[in-house]
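*Asks:* Sequence and computational prediction follow.
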Amino acid sequence: MEIKLPQYVKYVMILLGFFLAIWVLQTFKAILMPLVFALLFALLLLPLTRDLEKFRIPRALAILCSIVMVVIVLGLVVWFLSMQVMSLTSELDTIGKNFDALLMKVQDYLYHNFGIQPANKSELFRNMVGGLREMSTTFVGSTISLTTGALTVITIVPIFVFCFLYYRNHLEQFMYKFVSKERRGSLNHTIDNIQVVAQSYISGLMIVIVIVALLNSAGLLLLGVKYAIFFGVFASILTIIPYIGILIGAMLPALFTLATTGRLIDAVLVVLVFMFVQFLEGNFITPYVVGSKVSINPFAAIVALLIGGEIWGAAGMIISIPMIAILKVLFDAYEPLRPFGFLLADIDEVKEKKSGRFRKMFDKLREKAKKERYEDDQEVEQ
């Protein structure tokens, strides 16, 4: 028996629930953040695990193989980046000398054109050393804390991923306990949509990262920038932070080029390369690869990015877009929350101008998810 409440009471309760959810996310960050990352990885690995199980591989072994493959790929990326960083440290002496010469040029320019007296070099050096000492103390403390937290996450996330995949049928039956049999069809439809949205976004993002890495590296190689592949890959990885990630990634190679060559035009050319790649990524690559399956308007995406960063820091910024896409699916499935789903929707979706090809692909993925879940149900019944 449902209790009828006035509309304003429902929306007040929804807003209170929103603020309560933010409080819970901040308070239980150490537990919920690994769970959310594990859930996204589990959704990404679910098709691979099911394919392995079709070859009569035991579920536990299929899940372990999937996790090991991901760990190997991530390990190779981390190894490559660490080797490049170690090689990059050999340039520190050259960078220091060039920055010193560049500083002298700037001081001479300011003195001859604006009459600003150059700062005492020894005093400036003492101030820089004092600042670096204070920064190093803070940096060491934060690094120890970050490393400890990272090791904890790296250890526990694979365990959570294994549990989500191994007990997926049990978790699905658990959700059925909250709804009547008449509404299970709607629940299945919502689960299928969440699965398709999460898988499409994460897999599409991986493809975008590879394409952007190739474009970044090619542009930097044409300019003759040292460690072009490292800077290209590093900036492409930062695209997981929407809108601002690739801009942050462009700053490091631009400053490095300015320090090694001492010419401002070279740094400007590096920035122009990244701006061009950003233009291609935002207008052609991401819309073509990811399509309209994560149809969130830019304003909602930016707000989600800020809220995610405020709640969970960099990790919250990374997962803010897929999580808000999943929330939109839930909002659209529940009648009182549909206005919020409309608020998050992209204007093209509202006007129903989606590409027929992408809609067909979306429906195909959803049908595949339904078929795979039906096979899992058959296994449970047996």
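*Replies:* Sure, I can see it.

*Asks:* Low-confidence stretches in the stretch 251-382 of the chain?
*Replies:* 290-295, 347-382 (pLDDT under 70).

*Asks:* And the helices in it?
*Replies:* All helices of the stretch 251-382 of the chain, identified by DSSP state H, counting those that start in this stretch, fall at 264-280, 286-289, 298-312, 314-333, 338-344, 347-350, 356-381.

*Asks:* The stretch 101-250 of the chain too?
*Replies:* With helices called from DSSP H, counting those that start in this stretch, the stretch 101-250 of the chain shows them at 121-166, 168-176, 184-223, 228-237, 245-261.

*Asks:* Distance-wise, check residue 220 relative to residue 311.
*Replies:* Using CB to CB, to the nearest Å, residue 220 is found at 35 Å from residue 311. (Glycine included, C-beta is placed from N, CA and C.)

*Asks:* and what of residue 305?
*Replies:* Distance, residue 305 to residue 311, by CB to CB: 11 Å.

*Asks:* separation between residue 6 and residue 20?
*Replies:* From residue 6 to residue 20 the distance is 21 Å (CB to CB).

*Asks:* cool, and residue 299?
*Replies:* 24 Å.

*Asks:* Over to residue 257?
*Replies:* Residue 257 is 48 Å from residue 20, where distance means CB to CB.

*Asks:* who has more neighbours, those two?
*Replies:* The neighbour count for residue 257 versus residue 20, taken as other CB atoms under 10 Å, is higher for residue 257 (25 against 10).

*Asks:* these two touch, right, the more buried one and residue 224?
*Replies:* No. If you go by CB atoms under 8 Å, residue 257 and residue 224 don't touch, sitting 9.3 Å apart.

*Asks:* so what's residue 248 closest to, chain neighbours aside?
*Replies:* What sits nearest to residue 248 in space, not counting adjacent residues and going by CB to CB, 6 or more residues apart in numbering, is residue 238, at 5.6 Å.

*Asks:* ok, now residue 35?
*Replies:* Nearest to residue 35 is residue 160, by CB to CB, 6+ apart, at 5.9 Å.

*Asks:* Next one: the one you found from residue 36, what distance?
*Replies:* Residue 160 is 10 Å from residue 36, by CB to CB.

*Asks:* for residue 256, same thing?
*Replies:* Counting by CB to CB - residue 256 and residue 36 are separated by 34 Å.

*Asks:* ditto for residue 307
*Replies:* 14 Å.

*Asks:* These two - which one has more neighbours?
*Replies:* residue 36 (19 against 16).

*Asks:* what residues are up against that one?
*Replies:* With contacts defined as CB atoms under 8 Å, 6 or more residues apart in numbering, the neighbours of residue 36 are 319, 323.

*Asks:* How about residue 327?
*Replies:* Shown in contact with residue 327 (CB under 8 Å, 6+ apart): residue 344.

*Asks:* Next: residue 340.
*Replies:* Counted by CB under 8 Å, 6+ apart, residue 340 has contacts 14, 331.

*Asks:* Please report how far it lies from residue 334.
*Replies:* 9 Å.

*Asks:* Pretty sure residue 289 sits against residue 206.
*Replies:* No. Contact criterion CB under 8 Å: residue 289 and residue 206 do not qualify, at 9.4 Å.

*Asks:* So which of the two has more stuff around it?
*Replies:* Neighbours were counted for residue 289 and for residue 206 using other CB under 10 Å; residue 289 has more, 17 against 14.

*Asks:* CA atoms only: put stretch 304-318 into PDB for me.
*Replies:* Taking C-alpha atoms only, stretch 304-318 is exported to PDB below (Å, rounded to 0.1, in the frame of the first residue of the first chain):
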ATOM      1  CA  ALA A 304      29.400  16.900 -11.200                       C
ATOM      2  CA  LEU A 305      33.100  17.300 -11.700                       C
ATOM      3  CA  LEU A 306      33.300  20.000  -9.100                       C
ATOM      4  CA  ILE A 307      31.100  18.100  -6.600                       C
ATOM      5  CA  GLY A 308      33.100  14.900  -7.200                       C
ATOM      6  CA  GLY A 309      36.400  16.800  -6.600                       C
ATOM      7  CA  GLU A 310      35.000  18.300  -3.400                       C
ATOM      8  CA  ILE A 311      33.800  15.000  -2.000                       C
ATOM      9  CA  TRP A 312      36.600  12.600  -3.000                       C
ATOM     10  CA  GLY A 313      39.300  14.800  -4.600                       C
ATOM     11  CA  ALA A 314      41.000  13.600  -7.800                       C
ATOM     12  CA  ALA A 315      39.300  10.200  -7.500                       C
ATOM     13  CA  GLY A 316      35.900  11.900  -7.400                       C
ATOM     14  CA  MET A 317      36.700  13.900 -10.500                       C
ATOM     15  CA  ILE A 318      37.600  10.700 -12.400                       C
END
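
*Asks:* Tell me if I'm right that the residue nearest to residue 35 and residue 34 touch.
*Replies:* Yes. Using CB under 8 Å, residue 160 is in contact with residue 34, at 6.0 Å.

*Asks:* okay, these two: which has more neighbours?
*Replies:* Counted by other CB under 10 Å, residue 160 and residue 34 do not tie: residue 34 has more neighbours, with 22 against 18.
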